[in-house]
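Engineer: Okay, sequence plus prediction incoming.
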Amino acid sequence: MPSADFYPDSFWRSLKQLNAFRLFMAVFLTASAVFSTQLHIIEPGPLGLLAPLGVGYFVAATLFSLLLRLQQVDFGRQLQIQLLTDTVVIAVFMHFGGGNETGLGLILTVPMAAAGLHPQTRIMLSLPALASLAMLVEQGLTAFGHGDATGGYLRAAMLSVGFFAVSGISHVLAKGALGAARLAREKSREAYDLARINAKVIQDLPNGILVLSGDGRVVQHNQQAERLLGCPMAGRGDLASCHAGMARVWQAWLAGEGADTAVLPANDAGRRLRYRLLELGPNRQEGAVVIIEDMSELEHEAIQMKLAALGRLTANLAHEIRNPLSAINHAAQLLGEDAGNDTTTPRLTRIIEDNVSRLNCLVEDVLSLSRRDRQNREAIRLADYLPDFINQFQHSEAIAPGLIHLDGAGDATVRFDRLHLHQILWNLCRNASRHCSGRPGSIGLAVEQAGDTVHIEIYNDGPSIPEVMRQRLFEPFFSTDKAGTGLGLYIALELAEANESQLRCLEQAQGARFRLTVKITK
């Protein structure tokens, strides 16, 4: 037997409507029995049997109403019990109320129409068969006491044919409705599963996704969009309240004045975002899907792919170049010692030594790239580490004491590879000393704790860095210094990322400011 949820709501509503008709008929039959002498619809029956039977019929209909509301009993079982009750009650009323001449048998055509709702044809046919049998038995009992009743048998036979016809037609219609309900249920389940899969896929996409309606409201989004825009979308109805720059791009595109693709300047997180707008419908007024891509990550991935093969080659070359460089440098020193009174030779050997030193620095930078993945993280207390680093840097780089000012080292402890942290800060401080004014305190090293991270900032009072140049600072072999290799900041970025940290250049009106964001050890 099918479970209760097998049937659509329309079937349950039909059964409730049949029960409402049953309640009405119970009241009608009870009144007809009580006031039989005045209404002359049925005969009073023996010993006043019909009036209590009508009251019992009403009580049964009330119980059926309760069962229909709870839906704890299977639909098919409830249908069978109700129709059997109808058949018995109507047959008894017919027999003791005057026979089928009263026309009460026609009332059973309504329950027999409901019999067609049963999905099993065998059980469906048994219900009109039982009703037909009840009509024939009733007619037989009536004919037994009244002699010839040929006309009564004819009426009973016609009623039986009507029962089967009504049930059969109703069953065909119910089968079609049930099949349509099953199909709709399957389609609904497929649509739900598809929507759930789409939502999961959208959430796992590497790009941010926004779905905008025609009036600029955010209909759907993923977590990546929140991360890239730096704005939680929950509770925000329109795009303008979250990202004014993107809202301007959207308005221009909606008016037909903007391109489908736009790249906005770097935000506070140092990301340059590219937006692609795709129309939802035949015109732009119906809304759009906005795909948000982090250009910084794309460019970084492209650089990584280009340098993957080059890195292996340059590392091997660097090892091979070091030996000839050492020989050239040693030969230049020997030439300088044998120069005697010759003034030209020392100048030439000094040029050779300077260029050898420059090439050696380049080799060391290239070899640093191969040490990116070789890390030995340890807990470093910045309050102890940074003062020692500043003293060592000033001594090694021959910088006057007081040029670097330490501002608030705090008591934070970070987990970092000590050699990597040393090289990152050394490269940043060397660049700062190269571009600062040279006055005491012109280079600042500050530490600021922010939640579970700590910001280590190196800044100087030199000229500011233009936006175009700031976007290329971390590219390999990009340098504004003719004597520079262009690998210092790139190596610093690689070492920071190897230690799950972030290094970026902040926008500043005067001077330059670099921020290294490191997780705090708990």
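Structural biologist: Ah, there it is.
Engineer: what about the residue nearest the centre of the chain, which SS state?
Structural biologist: Using Cα atoms, centre = their mean, the residue of the chain that lies closest to the mean C-alpha position is Q203, 3.6 Å off. Three-state call for Q203 (DSSP: H, G, I helix; E, B strand; the rest coil): helix.
Engineer: Can you give me the separation between it and I291?
Structural biologist: As judged by Cβ to Cβ, to the nearest Å, Q203 and I291 stand 14 Å apart. Any C-beta I mention is one placed from the backbone N, CA and C, and that applies to glycine too.
Engineer: now do A60
Structural biologist: A60 is 64 Å from I291, by Cβ to Cβ.
Engineer: before we move on, what about A165?
Structural biologist: In this view, A165 and I291 are 62 Å apart by Cβ to Cβ.
Engineer: okay, these two: which has more neighbours?
Structural biologist: Between A165 and I291, counted using other Cβ atoms under 10 Å, I291 has the larger neighbour count: 17 against 14.
Engineer: I figured the more buried one hits R276, correct?
Structural biologist: Yes - between I291 and R276 a contact is recorded at 4.4 Å, counting by Cβ atoms under 8 Å.
Engineer: So the residue lying closest to D407 once chain neighbours are set aside, which state does it fall into?
Structural biologist: Nearest residue to D407, sequence neighbours excluded (Cβ to Cβ, 6 or more residues apart in numbering): A446, at 4.1 Å. Taken by three-state DSSP, the conformation at A446 corresponds to strand.
Engineer: Report the beta-bridge partner residues of A446.
Structural biologist: D407, E457 (DSSP bridges).
Engineer: Can I get stretch 405-422 as CSV, trimmed to CA atoms?
Structural biologist: C-alpha atoms of stretch 405-422 as CSV (Å, rounded to 0.1, in the frame of the first residue of the first chain):
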residue,chain,number,x,y,z
HIS,A,405,63.6,54.0,14.4
LEU,A,406,61.9,51.0,16.1
ASP,A,407,58.3,51.8,17.0
GLY,A,408,56.4,49.4,19.3
ALA,A,409,57.9,46.0,18.9
GLY,A,410,55.3,44.7,21.4
ASP,A,411,55.4,41.3,22.9
ALA,A,412,54.0,39.3,19.9
THR,A,413,55.6,36.0,19.0
VAL,A,414,55.4,34.8,15.4
ARG,A,415,56.2,31.4,13.8
PHE,A,416,58.6,32.1,10.9
ASP,A,417,61.8,30.7,9.4
ARG,A,418,64.5,32.9,11.0
LEU,A,419,66.7,33.1,7.9
HIS,A,420,63.7,33.9,5.7
LEU,A,421,62.5,36.7,8.0
HIS,A,422,66.1,38.0,8.2
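Engineer: Now it: average pLDDT?
Structural biologist: For stretch 405-422, mean pLDDT is 84.
Engineer: which parts of that stretch are buried?
Structural biologist: L406, A409, A412, T413, V414, R415, F416, D417, H420, L421, H422 (16 or more other Cβ atoms under 10 Å).
Engineer: and which of these is nearest L50?
Structural biologist: R415 (92.5 Å; Cβ to Cβ).
Engineer: for the closest one, helix, strand, or coil?
Structural biologist: Applying three-state DSSP: R415 is strand.
Engineer: Tell me, how many residues neighbour the nearest residue to it once chain neighbours are set aside?
Structural biologist: Using Cβ to Cβ, 6+ apart and skipping residues adjacent in sequence, the residue nearest R415 is T521, 4.6 Å away. When neighbours are defined as other Cβ under 10 Å, T521 has 16 of them.
Engineer: Against S501, how distant is T521?
Structural biologist: As judged by Cβ to Cβ, T521 and S501 stand 13 Å apart.
Engineer: do the same with L178
Structural biologist: With Cβ to Cβ as the criterion, L178 and S501 are 63 Å apart.
Engineer: Please apply the same query to G258.
Structural biologist: Counting by Cβ to Cβ - G258 and S501 are separated by 37 Å.
Engineer: ok, these two, which is more surrounded?
Structural biologist: Shown here are G258 and S501; by other Cβ under 10 Å, S501 has more neighbours (22 against 16).
Engineer: who's in contact with A288?
Structural biologist: V211, L212, W250, W253, L277, L278, E279, L280 (Cβ atoms under 8 Å, 6 or more residues apart in numbering).
Engineer: so the second one touches V219, yeah?
Structural biologist: I take that to be L212. Yes - between L212 and V219 there is a contact at 6.7 Å, judged by Cβ under 8 Å.
Engineer: low-confidence ranges in the stretch 1-150 of the chain?
Structural biologist: Within the stretch 1-150 of the chain, the ranges that satisfy pLDDT under 70 run 1-6, 36-37, 39-41, 43-48, 145-150.
Engineer: 50 instead, please
Structural biologist: Where the stretch 1-150 of the chain drops to pLDDT under 50, the residues are 1-5.
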